[in-house]
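1. Quick check, what structure comes out for this input:
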Amino acid sequence: MNIELQKVSEWLRANKLSINIGKTNFLLFHKSCDKDNLPLKLPILEINNVPIKRISATKFLGVQIDENINWTQHITLTENKMAKQLGILYKARPYLNQKSMISLYYSFFHTYLNYGNIAWASTSKTKLKKKLYSQQKQAFKTVFNEDILASSKILFSELNALNIYKINIFQNLVFMFKTRMGINPDVFNNKFQNIDHYYPTRFSENNYYVPHKQ
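-> Below is the predicted model:
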């Protein structure tokens, strides 16, 4: 690995580019249950003889990626952000009309719930329901000035809005539609194959699977 990192360093120098080694880290992706099976002493990775620090999570394009890819850290960060926004929404309610409150909802909440949802919201529903879904429902009740016991389903329907679970379903459907049309990047389009039974079944059309590597 260090040999490859040296090649990267040489390529950067040849192209008059530089890398901030002080901000360069690495993650070792693994299942949480395999933590005890990892080598006790991992090889030291270096660039230009400077060791690279191993971290457990990092932010990439606004999404927190952790070494277990269970999205716990990203969900926790989103929960904290939305908790602050809920306070702002509640304080603004006496001074703004419903149209303005709806705009605040889409600015303060929908953006967090929608961004990268196809990845991090594919985790277990329990993780999402604990706070994020509850916060989303509370935000809607604040927007419509409804009692805490009011049905959130009616409010979602009234605004034609999707809850966090349906946002995930929608984004997955859009992704698979683009795959079917061949307009996703090739790295994704080549990951799926059509189910082919050679005989008609309800799963023989418009269904895909990820083939096992040989």
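2. Okay, helices next: where are they in the chain?
-> According to DSSP state H, the chain carries its helices in the segments 2-14, 72-92, 98-105, 111-114, 117-120, 125-128, 134-143, 152-159, 164-181, 186-189.
3. so can I have CSV of those helices showing distance to N25 and mean pLDDT?
-> Where you see a C-beta, it was placed from the backbone N, CA and C, and this is true even at glycine. Formatted as CSV, the helices of the chain follow (distance: least, Cβ to Cβ, whole Å; pLDDT from 0 to 100):
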stretch, distance to N25, mean pLDDT
helix 2-14, 13, 85
helix 72-92, 15, 91
helix 98-105, 36, 89
helix 111-114, 25, 92
helix 117-120, 20, 91
helix 125-128, 25, 84
helix 134-143, 31, 89
helix 152-159, 40, 81
helix 164-181, 29, 88
helix 186-189, 24, 77
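4. Adding distance to L61 as columns, could you present these in TSV?
-> Below are those laid out as TSV (distance: least, Cβ to Cβ, whole Å):
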stretch	distance to L61
helix 2-14	21
helix 72-92	12
helix 98-105	24
helix 111-114	14
helix 117-120	10
helix 125-128	21
helix 134-143	23
helix 152-159	28
helix 164-181	15
helix 186-189	16
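5. Looking at those helices, which one is packed in the most?
-> With neighbours defined by mean count of other Cβ atoms under 10 Å, none of the helices of the chain is more surrounded on average than helix 134-143, at a mean of 20.
6. Can you tell me what sits against that one?
-> In this structure, residues lying in contact with helix 134-143 by Cβ atoms under 8 Å, 6 or more residues apart in numbering are 79, 82-83, 85-86, 89-90, 93, 98, 101-102, 104-105, 108-109, 113, 146-148, 150, 152, 155-156, 159, 161, 163-164.
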